[in-house]
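Trainee: prediction below, plus the sequence it came from.
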Amino acid sequence: MSRTSVTRLDRKMDRLKMLEKEGLLKSREGGRAVGKFLQNRLAVVGLIVFAAILLSSIFAPLLTDYDPAMIDLRARLSAPSWQHLFGTDKLGRDVFSRVLYGGRISILVGFGGALGAALVGVSLGTYAGYKGGWLDKILLRISEIFMSFPQIILVLLLVSILGQSLWNLLVIFTITGWGSVYRMTRSQMLSIREEEYVQALKAFGLNDALIAYKHMLPNALGPIMVNLTLSTAMFILEETALSFLGLGVPLHIPTWGNILNAAQDLTILQEAWWIWVPVGLVISAFVLSINFIGDGLRDAVDPTQQG
């Protein structure tokens, strides 16, 4: 390599260091990631649908005057009308208000469970994947034990042990979901730790935790973000299934699954379609929007996809 090329490389490195010190480099990377996300049309559509459903649930009192728990037997099984947009259920409760308020709990369970599983799995997988040794072997075997059971069976077992409640459901989803996140994060770290920059950081004597969490983890965020979104969608569907069976959130609390619970009645299923069709469409739209957002985030934060 000529002296001129070395000088140019040194100048370029000095410029990058200066930009990083001033915070301009990160802002440029952030702007590039946002632009990449906005180029994905499905991701943008997913974000719009996601925001619409989430904000509708948060600001439910502004969109409906009905209490989701208010019983009006005189209006039971009323078809959709201007007074009741989604009709009423067999107890005369307004289905539209129950869908809006139920979204609060279902979304909270989905995001809470996915976030809890991600925090545990990523924290353990990042350090264990980088460091290896006996800690990695023990955690890998524990994750294999959890993943050897069908997840729905393990969830049902833990529900029967811990009981039905919102917080128990969050704990159960965290326990059953961390293993897959751990293994995925670990595999990412195993491949990244062989990169030249990691070896250089080791040579400079940086702390292991600093290398793993600050310098290596950001390069593995793409698959982790996708996994987080998929886990959120999966846990929302699991909460719906458990509540449909009467094993999830207590039935007196409105959730999307508890609304569908009424569809166990064959008469309701055949003659009162408005009780289960609207909430089914909302669940499908919300889950699809999360998946689209996950795909967009994967392309946006993955360094190999940056232009």
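Mentor: Perfect, I can see it now.
Trainee: CA atoms for contacts and neighbours, from now on please.
Mentor: OK.
Trainee: so Leu230 touches Asn291, yeah?
Mentor: Yes: Leu230 is within contact range of Asn291, at 6.2 Å (criterion: C-alpha atoms under 8 Å).
Trainee: shared neighbours of the two, anything?
Mentor: Counting by C-alpha atoms under 8 Å, 6 or more residues apart in numbering, Leu230 and Asn291 have no common neighbour.
Trainee: can you give me the strands for the stretch 101-250 of the chain?
Mentor: All residues of the stretch 101-250 of the chain lie outside strands when identified by DSSP state E, counting those that start in this stretch.
Trainee: look up how far Gly125 lies from Ile172.
Mentor: 20 Å (C-alpha to C-alpha, to the nearest Å).
Trainee: quick check: closest non-adjacent residue to Leu124.
Mentor: The spatially closest residue to Leu124, leaving aside those adjacent along the chain, is Tyr182, at 6.6 Å (C-alpha to C-alpha, 6 or more residues apart in numbering).
Trainee: ah, wrong one, I meant Pro68
Mentor: Nearest one to Pro68, counting by C-alpha to C-alpha, 6+ apart, is Arg98 at 4.8 Å.
Trainee: Leu77 sits in which helix or strand?
Mentor: Assigned by DSSP states H and E, Leu77 falls within no helix or strand.
Trainee: my guess is Arg76 contacts Asp94, does it?
Mentor: No: shown here, Arg76 and Asp94 do not form a contact pair, counting by C-alpha under 8 Å, at 9.1 Å.
Trainee: pLDDT score for the residue nearest to Pro68?
Mentor: Arg98 is assigned a pLDDT of 92 by the prediction.
Trainee: please apply the same query to the one 3 residues further on.
Mentor: In this prediction, Tyr101 carries a pLDDT score of 93.
Trainee: quick one: contacts for it?
Mentor: Residues near Tyr101 by C-alpha under 8 Å, 6+ apart: 57-58, 60, 68, 254-255.
Trainee: for the stretch 201-307 of the chain, what are the low-confidence residue spans?
Mentor: Residue ranges of the stretch 201-307 of the chain with pLDDT under 70: 301-307.
Trainee: and the helices in it?
Mentor: Ranges of helices in the stretch 201-307 of the chain, per DSSP state H, counting those that start in this stretch, are 208-210, 221-244, 256-260, 266-271, 277-301.
Trainee: so can I have JSON lines of the contacts of Tyr101 showing distance to Met216 and neighbour count?
Mentor: Supplementary listing: the contacts of Tyr101 in JSON lines, determined by distance: C-alpha to C-alpha, whole Å; neighbours: other C-alpha atoms under 10 Å:
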{"residue": "Ser57", "distance to Met216": "37", "neighbour count": "22"}
{"residue": "Ile58", "distance to Met216": "36", "neighbour count": "14"}
{"residue": "Ala60", "distance to Met216": "42", "neighbour count": "21"}
{"residue": "Pro68", "distance to Met216": "47", "neighbour count": "19"}
{"residue": "Pro254", "distance to Met216": "42", "neighbour count": "23"}
{"residue": "Thr255", "distance to Met216": "39", "neighbour count": "29"}
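Trainee: in JSON lines, list these along with distance to Ile138.
Mentor: Shown next, in JSON lines, are the contacts of Tyr101 (distance: C-alpha to C-alpha, whole Å):
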{"residue": "Ser57", "distance to Ile138": "42"}
{"residue": "Ile58", "distance to Ile138": "42"}
{"residue": "Ala60", "distance to Ile138": "46"}
{"residue": "Pro68", "distance to Ile138": "48"}
{"residue": "Pro254", "distance to Ile138": "41"}
{"residue": "Thr255", "distance to Ile138": "38"}
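Trainee: looking at those, which is nearest Asp208?
Mentor: Among the contacts of Tyr101, Ile58 lies closest to Asp208 (C-alpha to C-alpha), at 41.8 Å.
Trainee: quick one: that closest one from Phe96, how far?
Mentor: 14 Å.
Trainee: surely Asp94 meets Phe86?
Mentor: Yes: using C-alpha under 8 Å, Asp94 is in contact with Phe86, at 7.3 Å.
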